[in-house]
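> Build me a model from this:
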Amino acid sequence: MNSETPAGGAPPLPGADTAPPRMDWPPWRVWEPLAAIAVLALSQLALGLLLGGLLPRSKPGAGEQIGLALPILVLGSHAATWLAILWILRRRSAGFRAALRLAETPGRWLLKSYGSGIGLYLLMLPLLAVFPPPPEQSNLFTDIFRQGGPALAMLLATAVLLAPALEETLFRGLLLPALRRQWKFWPAAVLVTALFTGMHVAQTGAYLPALAGIFACGLALAWLRETSGSLWPAIAFHMGFNSTPFVVWLMTLPFGGLEGPLG
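Take a look at the predicted model:
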């Protein structure tokens with residue numbers, strides 16, 4: 001089966017025998033996006049260790065300290081990873097927009113993708129309600145969420161704007177196409193999604209319902225990248241998925257709110 005989209009037609013569904021046309025194979029190899037992902041993981045680990053030292057519940061002014069430190073540390077982590085991405089593209093003489101499939105995408109596709117991301121998170125809510133996280137479970141991001149103020153604003157900006165662009169570039173923009181050089185769609189999508197889910201353990205801890213939802217989200221993102229031929233729908237879907245828990249939290253404030261963005 002040829003995965004090229006006919007003129008004016010809808011993109012084919014990814015099947016067991018689909019393979020990207022040769023002209024779409026990226027010039028980079030799998031190890032290069034994996035190295036960029038390692039930069040993100042290590043910088044986020046450093047972020048967690050540094051912020052963890054600012055989070056003692058009994059320390060006065062902890063919220064203000066986090067509000068000042070979080071933007072510097074998050075932006076530093078993202079900047080280091082973007083530099084790694086640009087190094088890959090420069091090393092392979094690949095143009096940014098063309099290499100990452102950032103061609104213009106109809107607005108209705110983006111709106112549908114954003115709404116689908118919201119819909120997937122809403123489908124998770126019954127599972128989160130039936131199997132809530134244990135009371136003793138805590139992680140860095142729920143701790144930041146409870147601080148409120150500038151730290152919460154930075155967390156919102158990171159989750160809804162910064163993280164979708166960076167993570168989609170890494171996982172669906174660089175790694176998935178590199179794996180598709182040799183692998184069929186579903187094995188490549190599952191491996192990319194497993195790595196993507198593992199990167200979020202710092203946010204969710206060992207809370208399996210949240211990890212299952214992130215895994216489902218990752219598969220949907222890979223499917224969007226494959227069928228649309230563009231990275232923009234995946235970015236829009238990711239933004240919708242990540243923005244929903246904050247909207248749910250705001251809606252529940254009159255009733256006491258939720259413990260954090262994971263419910």
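
> can you pull the pLDDT of residue 56?
pLDDT recorded at residue 56 is 55.

> low pLDDT regions in the stretch 51-200 of the chain?
Within the stretch 51-200 of the chain, the stretches falling below the threshold (pLDDT under 70) are 51-68, 136-148.

> Going along the chain, name the helices of it.
Defined through DSSP state H, counting those that start in this stretch, the helices belonging to the stretch 51-200 of the chain, from first to last, are 62-91, 96-99, 107-130, 140-147, 149-157, 163-167, 176-180, 185-198.

> which of these is buried the deepest?
Mean neighbour counts were compared across the helices of the stretch 51-200 of the chain using mean count of other Cβ atoms under 10 Å; the top stretch is helix 176-180, at a mean of 24. C-beta coordinates here come from the backbone N, C-alpha and C atoms, glycine included.

> I'd like to know which elements that helix is packed against.
Taking 3 or more Cβ pairs under 8 Å, 6 or more residues apart in numbering; DSSP states H and E as contact, the helices and strands that helix 176-180 lies on are helix 185-198, helix 208-228.

> if you set the cut-off to 10 Å instead, what comes out?
Using 3 or more Cβ pairs under 10 Å, 6 or more residues apart in numbering; DSSP states H and E as the contact criterion, the secondary-structure elements in contact with helix 176-180 are helix 31-52, helix 185-198, helix 208-228.

> Highest mean neighbour count out of those helices?
Greatest burial across the helices and strands packed on helix 176-180, using mean count of other Cβ under 10 Å, falls to helix 208-228, with a mean of 21.

> So what angle separates the directions of it and helix 185-198?
Interaxial angle, helix 208-228 versus helix 185-198 (axes from the mean of the first three to the mean of the last three Cα atoms, to 10 degrees): 140 degrees.

> Excluding chain neighbours, what is closest to residue 74?
With sequence-adjacent residues excluded and distances taken as Cβ to Cβ, 6 or more residues apart in numbering, residue 74 is closest to residue 158, at 5.4 Å.

> Output the helix or strand hosting residue 238 as CSV, nothing but the C-alphas.
Using DSSP states H and E, residue 238 falls within helix 232-252. Listed in CSV are the C-alpha atoms of helix 232-252, where the atom choice follows Å, rounded to 0.1, in the frame of the first residue of the first chain:
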residue,chain,number,x,y,z
TRP,A,232,0.5,20.5,13.6
PRO,A,233,-2.6,18.3,14.3
ALA,A,234,-0.5,16.4,16.9
ILE,A,235,0.6,19.6,18.6
ALA,A,236,-3.1,20.8,18.7
PHE,A,237,-4.3,17.5,20.1
HIS,A,238,-1.6,17.6,22.7
MET,A,239,-2.5,21.1,23.7
GLY,A,240,-6.2,20.2,24.1
PHE,A,241,-5.4,17.1,26.2
ASN,A,242,-3.0,19.1,28.5
SER,A,243,-5.3,22.1,29.0
THR,A,244,-8.4,20.0,30.0
PRO,A,245,-7.3,19.2,33.6
PHE,A,246,-6.8,22.8,34.4
VAL,A,247,-10.2,23.7,33.0
VAL,A,248,-11.7,20.9,35.1
TRP,A,249,-10.0,22.2,38.2
LEU,A,250,-11.3,25.7,37.6
MET,A,251,-14.8,24.3,37.1
THR,A,252,-14.6,22.4,40.4
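
> Next, the angle from it to helix 107-130.
With the same axes, to 10 degrees as the criterion, the two stretches helix 232-252 and helix 107-130 enclose an angle of 50 degrees.

> I'd like to know which elements helix 232-252 is packed against.
Packed against helix 232-252, as judged by 3+ Cβ pairs under 10 Å, 6+ apart, are the following elements: helix 107-130, helix 140-147, helix 149-157, helix 163-167, helix 208-228.

> hang on, the earlier thing: may I see the helices of the stretch 51-200 of the chain arranged in CSV, with distance to residue 231 as well?
Written out in CSV, the entries for those read as follows (distance: least, Cβ to Cβ, whole Å):
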stretch, distance to residue 231
helix 62-91, 12
helix 96-99, 10
helix 107-130, 11
helix 140-147, 25
helix 149-157, 20
helix 163-167, 9
helix 176-180, 10
helix 185-198, 13
